[in-house]
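In: have a look at this fold, sequence not included:
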């Protein structure tokens, strides 16, 4: 029987190779992403016979969700791993719902089991962009973005990579941003705020990268991300003051230019169904939507 325990920093060394082997561009397929969201979602992990299992629960969920097991080789290996989860869920009297299943695993699961219930939500698709396009903003399609960036750069600004010494500056801006956006009244923003703080607390240990934009000596934008698989770099957090013209597109472009050399794709994660966020993400012209889905497997 699987023996889950709460995820901790001590799990990094054995979990990371599983994500590296899978080499998936999904933003959640790294140890850091799994760990930093454990503040808002109860994240438990275990290793059994060469497979990596993860379950999580939080928000308004009435049941546990599970990551599609990692460490398998081919359909037979995936079935063996999922069958372990089925046995565990039968014994604990719960449903088996795999969350954020990539397209490749989805097709394998559908071929292995009958009666699978597929929960496919456009709100959870992740946006993948061409790194060179985000760095250069070429052509007429990015004309508006370039104009906003140019206006920001006409001010007294500077860009700084995020280091341990600059974390207090990020925390100061983050607290002010949360005050202005009333994070305490929004459960999702509250969970995100906790994840930001945990990522900053263990920034170097988790191998994260980030940047800040200053205007007139004050931080007006910050961003935090990390390499994931498939030649992609995932941007986990990006915040700017909405009344600072051009801060968002400027931090976006400069971070891509200066910290993502060698990557081919930029993953800017999902829009969660927010129409304003969806419009903003589509305006940067993604090259692909990473179709992640949830799957309930009969026991």
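Out: Good, I have the coordinates. As the structure is a prediction and not an experimental result, all values here were calculated from the model. Numbering: from 1, shown residues only.
In: all contacts plus neighbour counts: C-alpha atoms, from now on.
Out: Will do.
In: please enumerate the helices of the stretch 151-299 of the chain.
Out: 167-180, 187-201, 247-259, 275-282 (DSSP state H, counting those that start in this stretch).
In: what's in contact with the first one?
Out: The one in question is helix 167-180. 184, 193, 197, 200, 212, 219, 220, 221, 222, 239, 240, 241 (CA atoms under 8 Å, 6 or more residues apart in numbering).
In: now, the most widely separated pair of those?
Out: Across these, the longest distance by CA to CA is 23.9 Å; it joins 184 and 212.
In: give the residue spans of the chain that score low on pLDDT.
Out: The model of the chain has pLDDT under 70 over residues 58-61.
In: what segments of the stretch 1-150 of the chain are strands?
Out: For the stretch 1-150 of the chain, applying DSSP state E, counting those that start in this stretch gives strands covering 5-6, 41-48, 51-58, 65-67, 97-101, 117-119, 126-130.
In: what is the second one packed up against?
Out: Going back to what we said before, that points to strand 41-48. strand 5-6, strand 51-58 (3 or more CA pairs under 8 Å, 6 or more residues apart in numbering; DSSP states H and E).
In: in TSV, list the ones you listed along with distance to residue 292 and mean neighbour count.
Out: Formatted as TSV, these follow (distance: least, CA to CA, whole Å; neighbours: other CA atoms under 10 Å):
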stretch	distance to residue 292	mean neighbour count
strand 5-6	24	14
strand 51-58	16	20
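In: in a markdown table: these, plus distance to residue 143.
Out: A markdown table is the format used below for the helices and strands packed on strand 41-48 (distance: least, CA to CA, whole Å):
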| stretch | distance to residue 143 |
| --- | --- |
| strand 5-6 | 47 |
| strand 51-58 | 41 |
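In: list the contacts of stretch 287-295.
Out: 26, 97-103, 106, 116-122, 124-130.
In: flag every buried residue along that stretch.
Out: Going by neighbour count (16 or more other CA atoms under 10 Å), the buried part of stretch 287-295 is 289, 290, 291, 292, 293, 294, 295.
In: roughly how far is stretch 36-44 from the heart of the chain?
Out: Distance of stretch 36-44 from the chain centroid (CA atoms, centre = their mean, to the nearest Å) equals 13 Å.
In: one more: stretch 106-116?
Out: The mean C-alpha position of stretch 106-116 is separated from the chain mean by 26 Å, CA atoms, centre = their mean.
In: what about the closest residue to residue 132 other than its chain neighbours, neighbour count?
Out: In space, and not counting its chain neighbours, residue 132 is closest to residue 264: 7.4 Å by CA to CA, 6 or more residues apart in numbering. Using other CA atoms under 10 Å, residue 264 has 16 neighbouring residues.
In: just residue 21 next, same as before
Out: 12.
In: longest helix in the chain, please.
Out: Counting residues, the longest helix in the chain under DSSP state H turns out to be helix 74-92.
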